[in-house]
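Asks: Model the structure of this input:
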Amino acid sequence: MDLFDYMREQNMEKEAPLASRLRPTTLDEVVGQQHIIGKDKLLYRAIKADKLSSIIFYGPPGTGKTTLAKVIAHTTSADFMQINATSAGKKDMEDVIEKAKNNQGMYGKKTILFIDEIHRFNKGQQDYLLPYVEDGTIILIGATTENPYFEVNGALLSRSVIFELRALGKEDIKTLLCRAVSDREKGMGAYNAKMDDDALEFLADVANGDARAALTAIELGILTTERSADGIIHITLEVAQECIQKRVVRYDKSGDNHYDTISAFIKSMRGSDPDAALYYLARMLYAGEDIRFISRRIMICAAEDVGLCGGGCGNGRSERDYSRGGCCNSSRTHRNAGGTHHIGGGSHLCGERAKEQCIVYGSG
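Replies: Okay, the predicted model is just below:
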């Protein structure tokens, strides 16, 4: 590393986002995830003893996957290297393996390779790592937001221990926010800011277990709010609401959250729980799910589950006919009248209302 690289690295540390600057360097500083790093847990003992095997961290964004990798980097005696699967190519991997071989052969030193977003590697790239994980040339630590059983090579999985990280609790988020406001070395303590209790409660709730979202919001609030007459930056509820205007929803279009939510939605209808069904409908719509996908699932539920054991409804028509027809009609109503995103006309909520009524009927 030359002088210019050193200065660039120092400047990046100073200008890095709050969530990056505030990352812990020891296990005792880590907030949450006590189910895997509690003092009697396997991962805690392995990190303390510096006896790590290959690991894959799996969980939602902002739960501490990269943080745990950084903690390992600060505590291990092994050479720690990091690449990001979104930008790393075959040449980067070959360079890492070459350095790992030199560490092992010349110095008798282990090498830990941390790959962020490991699910972005294709099968060929993952296969390239296999022999080096197998013979101990590298100890692999992978981090992914996707289900590793679907996205990571099965041979790599069999050689790794998988740890699932959970969304942080509200109290954990509050702890991090208070640390961010008061820490003068790595946080925003030098700005002399004060956060109201209702603002703290709001940010911890709306972040929905995502520490990065909460820290980004409080950083934005402190940097953009003018000082009051008393010389203090007051983070009020109004400021907090401006900094994070939409609740963080864990949802995706093709991963586990997508299928878990639609499964819970259908089971709520099947189990005659309209409140739960409407909740999951709102969750999917809020996250931007395609209404046509939801409509198809409702019609399938009507055809397969509703009215199968019911009697007639008069005029020779069964409950099955009515439920299926009602769902089809609600889908046509939504298509023709539009949902909440349509502007103009007095009945722009008509499509959403028709869908809700169909769900309540199907759950009844």
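Asks: Not counting the strand or helix carrying Lys48 itself, show me its contacts.
Replies: With secondary structure defined by DSSP states H and E, Lys48 is part of helix 42-49. If you take CB atoms under 8 Å, 6 or more residues apart in numbering as the criterion, helix 42-49 is touched by 27, 36-38, 52-53, 55, 68, 71-72, 75-76, 161, 163. Backbone N, C-alpha and C define where each C-beta goes, glycine included.
Asks: give the contact list for Asp230.
Replies: Going by CB under 8 Å, 6+ apart, Asp230 touches no other residue.
Asks: Report pLDDT for it.
Replies: The score at Asp230 is 92. That number is its pLDDT.
Asks: and it, helix, strand or coil?
Replies: coil (DSSP: H, G, I helix; E, B strand; the rest coil).
Asks: any idea how far Asn192 is from it?
Replies: Asp230 sits at a distance of 10 Å from Asn192 (criterion: CB to CB, to the nearest Å).
Asks: what about the closest residue to Ala190 other than its chain neighbours, which SS state?
Replies: Spatially, and ignoring its direct neighbours in sequence, Ala190 is nearest to Arg184 (5.3 Å; CB to CB, 6 or more residues apart in numbering). With three-state DSSP as the basis, Arg184 sits in coil.
Asks: ok, Arg184 - how many residues close by?
Replies: Residues lying near Arg184 (other CB atoms under 10 Å) number 10.
Asks: Report pLDDT for it.
Replies: 91.
Asks: which ones are touching the closest residue to Phe163 other than its chain neighbours?
Replies: Excluding the flanking residues, the one nearest Phe163 by CB to CB, 6+ apart is Ile36, at 5.0 Å. With contact taken as CB under 8 Å, 6+ apart, Ile36 is in contact with Leu42, Leu43, Tyr44, Phe163, Glu164, Leu165.
Asks: Equivalent analysis for Asp116, please.
Replies: The contact partners of Asp116, taken as CB under 8 Å, 6+ apart, are Lys65, Thr66, Ala69, Gln82, Ile83, Asn84, Ala85, Thr86, Ala143.
Asks: Kindly recompute the last result at 6 Å.
Replies: Contact partners of Asp116, counting by CB atoms under 6 Å, 6 or more residues apart in numbering, are Asn84, Ala143.
Asks: for Ile173, what are its contacts?
Replies: Ile173 makes contacts with Ala204, Ala207, Ala214, as judged by CB under 6 Å, 6+ apart.
Asks: What distance do you get for the residue nearest to Ala190 to Ile235?
Replies: As judged by CB to CB, Arg184 and Ile235 stand 17 Å apart.
Asks: Also Ile294?
Replies: Distance of Ile294 to Ile235, computed by CB to CB: 38 Å.
Asks: between the two, who's got more neighbours?
Replies: Taking other CB under 10 Å, Ile294 and Ile235 do not tie; Ile235 has more neighbours (24 against 20).
Asks: and the more buried one, how far is that from Asp205?
Replies: From Ile235 across to Asp205, the span is 15 Å (CB to CB).
Asks: Equivalent analysis for Ile222, please.
Replies: Per CB to CB, Ile222 is found 19 Å from Asp205.
Asks: which of those two has more neighbours?
Replies: When Ile222 and Asp205 are compared for neighbours, Ile222 comes out ahead with 22 against 13, by other CB under 10 Å.
Asks: gap between stretch 144-164 and the chain center?
Replies: 16 Å (CA atoms, centre = their mean, to the nearest Å).
Asks: any idea of the mean pLDDT for that stretch?
Replies: Stretch 144-164 shows a mean pLDDT of 90.
Asks: Which parts of the stretch 151-300 of the chain are strands?
Replies: Along the stretch 151-300 of the chain, the stretches classed as strands by DSSP state E, counting those that start in this stretch are 161-164, 193-195, 233-235.
Asks: tell me which residues in the second one are buried?
Replies: Judged by neighbour count (16 or more other CB atoms under 10 Å), strand 193-195 contains these buried residues: Ala193, Met195.
Asks: repeat for the longest one
Replies: For strand 161-164, the neighbour count (16+ other CB under 10 Å) marks Phe163 as buried.
Asks: partners of it in the sheet?
Replies: Based on DSSP bridges, the strands next to strand 161-164 in the sheet, each with its direction, are strand 55-58 (parallel).
Asks: Which pLDDT value goes with the residue nearest to Phe163?
Replies: At Ile36, the model reports a pLDDT of 93.
Asks: go on, the one 3 residues further on?
Replies: Predicted confidence (pLDDT) at Lys39: the value is 88.
Asks: Kindly report the same for Cys328.
Replies: Looking at Cys328, its pLDDT is 58.
Asks: Does the residue nearest to Phe163 lie in a helix or a strand, and which?
Replies: Here Ile36 sits within helix 34-37, counting by DSSP H and E.
Asks: okay, now the nearest residue to Ile162 once chain neighbours are set aside: neighbour count?
Replies: Spatial nearest neighbour of Ile162, chain neighbours left out: Ile56 (4.9 Å); criterion: CB to CB, 6+ apart. Applying other CB under 10 Å, we find 23 residues neighbouring Ile56.
Asks: for Ile56, which residues make a bridge with it?
Replies: In this structure, Ile56 has beta-bridge partners Gly142, Ile162, where bridges are defined by DSSP bridges.
Asks: ok, it - contacts?
Replies: Gly142, Pro148, Ser160, Ile162.
Asks: Now distance to Ala264 too, for those, in TSV please.
Replies: Shown next, in TSV, are these (distance: CB to CB, whole Å):
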residue	distance to Ala264
Gly142	28
Pro148	22
Ser160	29
Ile162	24
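Asks: Mind checking which of the residues you listed are buried?
Replies: The neighbour-count test (16+ other CB under 10 Å) applied to the contacts of Ile56 identifies Gly142, Pro148, Ser160 as buried.
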